[in-house]
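Participant: got a structure for you, letters missing:
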């Protein structure tokens, strides 16, 4: 057994379970089927974004543009869908997200521009493009988006929302990519020691660029899911998603300097964020105080991680 | 007899279950150079980190000039006049040489309540202290633009600037050239006359013989021997350190096989590497020897290299690796992803070997890693241990394992035994010899000329990016000859 499977590696999961247990004791509404379903649906979109963010952070990077990218994908998908059908809309939407990732990846990996600055730039720029192509108004056509697409945003399969199936399937697929393929090991090596990876024959620039493409495409998927849920392409959607996603990945134990992090733990990080918000809501905590609490939890988690790694 | 400047008694320190130091007594007197030797893992670094205030001992006491001292942090130790020059230099690359030297104690000019950094004085002081080391760079240059050896001089200068009672140097000469080492020793001699106590940690036993007044040998966290000048010889020290054998095997006779690799290393001379050969590259710092090694691995710029008589163009290390070349870089942090496991590191250049249909075969990976850890003798045999936790010698073996797993035909080695202990050094020399005996070839760059003379059949002397001489073993290959050729 590896050190990865030691108890210390399960801190995110234990935190989540503890949080759920505490909330369940404080309010019985927490465990109601409606509330639990609600938590899963709320987590689903953020989980997809956090998985993309995990690729980037494990590779030693950072992506602030995911919220804008999700909005772009949602609006583009809605616009195409109204003319050319659902399938075309979804494909073009996700593709638009991947394209933002390609741009980020090329600029960061091949022009060596700092990822923070690059994605801060694309965050603002892409948001501008979204407003330009939509004129600032929601995209839903005169009769609304196609019925099947809207149904996808609220219907269930085997009692679980379609929106929740997507991150579950993606988690299985992407975990394979990141943990069981040579490519995945190269992402970890590049993030953990770029020079050492390069001297071991890893094409580090390509690997770094690829992580942004994953991140952009997954933000695209999240944007399309969001459009289905909101029954329209919203140009203002996805604001602050980047911050929540980064916080979730860090809560999941990833190191911002790269080379560490696990997809399923990032998803647990998302669940921690959403359950915490849900608990504070159920306990009628003032929404201003909620922000204070969430911010404090993020810092506390990161500080705890630092303390743990010191000893 | 004067009071010891620093005296440690009964020092013990545990890390988890490992006993790093087991009641060690150690002292150093004013004006004395006390050498501290021992294999990696013997406890030298732990001891000096305790003396320097970076670690607290579990048991034992420290006296400074006869007075009991408790160091809560390195700051306390510095205040007590104990200055440590660590092996990993703590310099700020983006700041200038002068700022680095003055860091923590900037000269200021006061205008009432406002303090301003006195830049002119800072530069003057930096220039003066660097002049002691015969090093005269522009003090305004950023440290990032200096070579490793030059950075070391800056770190030493920073230590010199402080008033110090005890000066601790952790392997200061590992990366230095002969001339710089001599310069450093002159400075140490001057400090000695002024009454500074010096603790000198080194792997080079000839240095101990040359400059130390006393030597303490640590083995497995205990003092294995203490002896005075005149009473120790290299073989005694090695014996005390290892309690065993050292690298005494004579170099294998060169049985030159087929040409594995040919390239114009300096743009003019074509160098051929044949199976069964170890070729050395000797050159002073900045001579370009290191660059030649890099070029063969596809670093810096695209290079045309003939591999088994077929011309190839290396644009990237991946091309060189695909052609059957492996590289052991000069800094171990470049050879390993330090925060990843030994297993992941060994597998990194071999992911294609251990994957089936795009999927990693865990069992094949485990087998390969176990086989290689056994073969190169990495201790402990724990594949999931982070590479950072290994000693320098074991890290170097892990880097070799990466390439041996691939069955490369040519190894390029940059300072393969720098800063590692005698026993690990002998093991690495043996691994290199066995590697070439299997019909492979190795190109070794080392600043330790004795090592090249010992290991290589042929050595190329490099000066100003040119190969100026080729010295064969048959034509008399020794350290003195090499030094003359490289201009040292």
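Facilitator: Arrived safely. Computed from a predicted structure; not experimentally measured.

Participant: Distance check, residue B:359 against residue B:353.
Facilitator: Taking Cβ to Cβ, to the nearest Å as the measure, residue B:359 falls 13 Å from residue B:353. From N, CA and C alone the C-beta is placed, and that goes for glycine too.

Participant: The residue of the stretch 101-250 of chain B found nearest chain A: neighbour count?
Facilitator: When scored by Cβ to the nearest Cβ, the stretch 101-250 of chain B has residue B:148 as its residue closest to chain A, at 14.4 Å. Using other Cβ atoms under 10 Å in any protein chain shown, residue B:148 is surrounded by 13 other residues.

Participant: Also the one 4 residues further on?
Facilitator: Using other Cβ under 10 Å as the criterion, residue B:152 is surrounded by 25 other residues.

Participant: Please apply the same query to residue A:74.
Facilitator: Counted with other Cβ under 10 Å, the neighbours of residue A:74 add up to 33.

Participant: ok, now how distant is the residue of the stretch 101-250 of chain B closest to chain A from residue B:95?
Facilitator: Counting by Cβ to Cβ - residue B:148 and residue B:95 are separated by 17 Å.

Participant: what's the answer for residue B:82, then?
Facilitator: Between residue B:82 and residue B:95 the distance is 24 Å, computed by Cβ to Cβ.

Participant: can you pull out the strands in chain A?
Facilitator: A:156-157, A:160-161 (DSSP state E).

Participant: Which other helices and strands does the last one contact?
Facilitator: Where contact means 3 or more Cβ pairs under 8 Å, 6 or more residues apart in numbering or on different chains; DSSP states H and E, strand A:160-161 is packed against helix A:33-58.

Participant: what packs against the helix it packs on?
Facilitator: When contacts are defined as 3+ Cβ pairs under 8 Å, 6+ apart, helix A:33-58 sits against helix A:66-84, strand A:160-161, helix A:162-180, helix A:182-192, helix A:204-230, helix A:241-251, helix A:263-282.

Participant: the inter-axis angle of the third one versus helix A:33-58?
Facilitator: Right, helix A:162-180. 30 degrees (axes from the mean of the first three to the mean of the last three Cα atoms, to 10 degrees).

Participant: So residue B:359 and residue B:353 - more neighbours on which side?
Facilitator: More crowded of residue B:359 and residue B:353, by other Cβ under 10 Å: residue B:353, with 15 against 11.

Participant: how about the nearest residue to residue A:22, chain neighbours excluded?
Facilitator: Counting by Cβ to Cβ, 6 or more residues apart in numbering or on different chains, residue A:279 is the residue found nearest to residue A:22 once chain neighbours are left out, at 7.8 Å.

Participant: List the residues that contact the residue nearest the centre of chain A.
Facilitator: In chain A, the centroid-proximal residue (Cα atoms, centre = their mean) is residue A:49; its distance is 1.7 Å. Shown in contact with residue A:49 (Cβ atoms under 8 Å, 6 or more residues apart in numbering or on different chains): A:66, A:70, A:218, A:219, A:222, A:241, A:245.

Participant: On the pLDDT front, check it for me.
Facilitator: Listed pLDDT for residue A:49 reads 96.

Participant: Next: residue A:234.
Facilitator: 92.

Participant: and the gap between the closest residue to residue A:282 other than its chain neighbours and residue A:15?
Facilitator: Of all residues not flanking residue A:282 in the chain, residue A:27 sits nearest, at 4.8 Å (Cβ to Cβ, 6+ apart). Counting by Cβ to Cβ, the separation of residue A:27 from residue A:15 is 19 Å.

Participant: quick one, helices of the stretch 101-250 of chain B?
Facilitator: B:119-131, B:148-161, B:178-193, B:205-211, B:234-242 (DSSP state H, counting those that start in this stretch).

Participant: Residues of the stretch 101-250 of chain A that sit close to chain B?
Facilitator: Contact residues (Cβ under 8 Å from any Cβ of the partner chain) of the stretch 101-250 of chain A with chain B: A:176, A:180-182, A:185-186, A:188-189, A:192-193, A:195-203.

Participant: run the last query once more with 6 Å
Facilitator: Contact residues (Cβ under 6 Å from any Cβ of the partner chain) of the stretch 101-250 of chain A with chain B: A:180, A:181, A:182, A:185, A:189, A:192, A:193, A:195, A:196, A:199, A:200, A:201.

Participant: Quick check: the last one touching residue B:317?
Facilitator: When you say that, I think you mean residue A:201. Yes: look at residue A:201 against residue B:317 with Cβ atoms under 6 Å: they come within range, at 5.1 Å.

Participant: Run a quick neighbour tally on residue B:228.
Facilitator: 10.

Participant: And residue B:200, by the same measure?
Facilitator: Residue B:200 has 25 nearby residues by other Cβ under 10 Å.

Participant: For it, which non-adjacent residue is closest in space?
Facilitator: Residue nearest to residue B:200 in three dimensions, not counting chain neighbours: residue B:35, with 5.0 Å by Cβ to Cβ, 6+ apart.

Participant: coming back round to it: looking at the contacts of residue A:49, which one is closest to residue A:122?
Facilitator: Using Cβ to Cβ, the shortest approach to residue A:122 within the contacts of residue A:49 belongs to residue A:66, at 9.8 Å.

Participant: distance of the closest one from residue B:258?
Facilitator: Taking Cβ to Cβ as the measure, residue A:66 falls 55 Å from residue B:258.

Participant: Pick out whichever of those two has more residues nearby.
Facilitator: Using other Cβ under 10 Å, the more surrounded residue of residue A:66 and residue B:258 is residue A:66, with 36 against 12.
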